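Engineer: dropping the sequence and predicted coords here.
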Number of protein chains: 2
Amino acid sequence: MSQTPTPVSFAQQIPDGEDRERRVCQTCGFIDYVNPRIVAGVVAHRDGRILLCRRAIEPRKGYWTLPAGFMELGESVEEGAAREAREEANAELTLETLLAVYSIPRIGQVQIFYRAALLNAPSPGPESTDVMMVTWDEIPWKDLAFPSVKWALEHYRETADRAAFAPFGNPAGTDRLTR
Amino acid sequence: MSQTPTPVSFAQQIPDGEDRERRVCQTCGFIDYVNPRIVAGVVAHRDGRILLCRRAIEPRKGYWTLPAGFMELGESVEEGAAREAREEANAELTLETLLAVYSIPRIGQVQIFYRAALLNAPSPGPESTDVMMVTWDEIPWKDLAFPSVKWALEHYRETADRAAFAPFGNPAGTDRLTR
């Protein structure tokens, strides 16, 4: 019963009863409700060092990042953050507290970072070519993959000695600059 | 150039190069990446009272809720929360701090609530039949629309006198009970 699919073809239309344009498939009428996607990640620390992963895939292949990725259905944000740390760095960790919620409307993402205690020695997973544990002074600032990696590291630094704190939103200015 | 669309027909399949099933349209081959959706909302207070809205629409029509709704593309979580307060209660407000991030995997939602100062006198928007400003003792606990409304109210109560606090995740037990 194999059948060659008709190519996907979307157009922007306002569906009946709605107040804004949605992507509507011109082949089959499917309305693709595109919502912001959640990226869940961690700043994982152990013995005063922070876990970084070198990206094996695009975008920003070869640059350093925090373990983070798209949350999946059927898991909590915390579970998604822990899963990404396992997948990218074979890291086992205990989440400590929510660190930050960043909105990046230009790319339709909300990034949620947790502070976590790393429990084992990390090693590269399939999406990383390398992992390392760095002190603050060893962070490769010019080779970080994304602005939000820098934000999360700096927000971690501000709160590393505090048990309770108000979590961070975007750094001043970046809520507009990043659109 | 009008054309009757072929009915939408999805099946669960594992696309090439992926590790889990996705919804794939059997008509046109479109892969529907279903991600958790973000609900943005507020606990808005003024003169010691909290804003509640009576739902004009299903689900839970007639029950009381906090202003909250699905975040849209092109806005930050904070902007989404403020927009929902305008749409549901004609409320203008100043967001104060992130209150809580709840995961509800069973329905694929992450709910993000802010504490906010209400600046005007609210009135019902299209999705509300009524609004009211209640003291803690006047909250209609048995007529609240959703468990997360109760959670957010109780977490607000715990932190109403604090400027900075670690934001809340799901109350103990509910991360499993709600799946």
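Structural biologist: Perfect, I can see it now.
Engineer: any idea what the residue nearest the centre of chain A is bridged to?
Structural biologist: Per Cα atoms, centre = their mean, the C-alpha nearest to the average position across chain A is that of A:Val39, at 3.3 Å. Counting by DSSP bridges, A:Val39 forms beta bridges with A:Phe70, A:Gln111.
Engineer: repeat that for A:Ala117.
Structural biologist: Assigned bridge partners for A:Ala117, using DSSP bridges, are A:His45, A:Thr94.
Engineer: and if you look at A:Leu144?
Structural biologist: Here A:Leu144, judged by DSSP bridges, has bridge partners A:Trp64.
Engineer: A:Asn170 belongs to a strand?
Structural biologist: No. Looking at A:Asn170 with DSSP: H, G, I helix; E, B strand; the rest coil, it is coil, so not inside a strand.
Engineer: how about residues contacting stretch A:9-24?
Structural biologist: Stretch A:9-24 is contacted by residues A:Cys25, A:Gln26, A:Thr27, A:Phe30, A:Ile31, A:Asp32, A:Tyr33, A:Val34, B:Cys28, B:Glu72 when judged by Cβ atoms under 8 Å, 6 or more residues apart in numbering or on different chains. C-betas here are computed from N, CA, C, even on glycine.
Engineer: end to end on that stretch, go ahead and measure it.
Structural biologist: 8 Å (Cα to Cα, to the nearest Å).
Engineer: could you give me the buried positions within it?
Structural biologist: A:Phe10, A:Val24 (16 or more other Cβ atoms under 10 Å in any protein chain shown).
Engineer: stretch A:126-135 now?
Structural biologist: For stretch A:126-135, the neighbour count (16+ other Cβ under 10 Å) marks A:Glu127, A:Ser128, A:Val131, A:Met132, A:Met133 as buried.
Engineer: what ranges do the helices span in chain A?
Structural biologist: Here chain A has its helices, by DSSP state H, at A:77-89, A:147-159, A:174-177.
Engineer: out of the ones you listed, which one sits most buried?
Structural biologist: helix A:77-89 (a mean of 23; mean count of other Cβ atoms under 10 Å in any protein chain shown).
Engineer: what is the mean pLDDT for it?
Structural biologist: Average pLDDT, helix A:77-89: 97.
Engineer: now do stretch A:144-153
Structural biologist: Averaging pLDDT along stretch A:144-153 yields 95.
Engineer: ok, and what's touching it?
Structural biologist: Residues from elsewhere that reach stretch A:144-153 (Cβ under 8 Å, 6+ apart): A:41, A:43, A:50, A:55, A:59-60, A:63-66, A:99-100, A:102, A:104, A:111, A:113, A:139, A:141, A:168, A:170-171, A:174, A:178.
Engineer: apply the buried test to the residues you listed and list what passes.
Structural biologist: For these, buried by 16+ other Cβ under 10 Å: A:41, A:43, A:50, A:55, A:63-66, A:99-100, A:102, A:104, A:111, A:113, A:139, A:168, A:170-171, A:174, A:178.
Engineer: quick one, what contacts A:Glu79?
Structural biologist: B:Ser103.
Engineer: rewinding a little: buried subset of the contacts of stretch A:9-24?
Structural biologist: The neighbour-count test (16+ other Cβ under 10 Å) marks A:Cys25, A:Gln26, A:Thr27, A:Phe30, B:Cys28, B:Glu72 as buried among those.
Engineer: who's A:Val134 bridged to?
Structural biologist: Beta-bridge pairing for A:Val134 (DSSP bridges): A:Ile50.
Engineer: what distance do you get for it to chain B?
Structural biologist: Distance, A:Val134 to chain B, using Cβ to the nearest Cβ, to the nearest Å: 25 Å.
Engineer: give me the low-pLDDT residue ranges for chain A?
Structural biologist: Residues of chain A meeting the criterion pLDDT under 70: A:1-8, A:164-166, A:172-179.
Engineer: show me the domain layout of chain A.
Structural biologist: A:1-34, A:37-159 (automatic domain parsing).
Engineer: now those domains in TSV, with distance to B:Asp161?
Structural biologist: What follows is these, written out as TSV (distance: least, Cβ to Cβ, whole Å):
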stretch	distance to B:Asp161
domain A:1-34	39
domain A:37-159	20
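Engineer: residues contacting A:His45?
Structural biologist: Applying Cβ under 8 Å, 6+ apart, the residues near A:His45 are A:Leu51, A:Arg115, A:Ala116, A:Ala117, A:Leu118, A:Tyr156, A:Ala160.
Engineer: so what's the spatially closest residue to A:Met132 that is not a sequence neighbour up against?
Structural biologist: Leaving aside its sequence neighbours, A:Met132 sits nearest to A:Leu52 (Cβ to Cβ, 6 or more residues apart in numbering or on different chains; 5.5 Å). The contact partners of A:Leu52, taken as Cβ under 8 Å, 6+ apart, are A:Trp64, A:Thr65, A:Leu66, A:Val131, A:Met132, A:Met133, A:Val134, A:Ile139, A:Pro140.
Engineer: kindly recompute the last result at 6 Å.
Structural biologist: By Cβ atoms under 6 Å, 6 or more residues apart in numbering or on different chains, the contact list for A:Leu52 reads A:Trp64, A:Met132, A:Val134.
Engineer: understood, closing this out.
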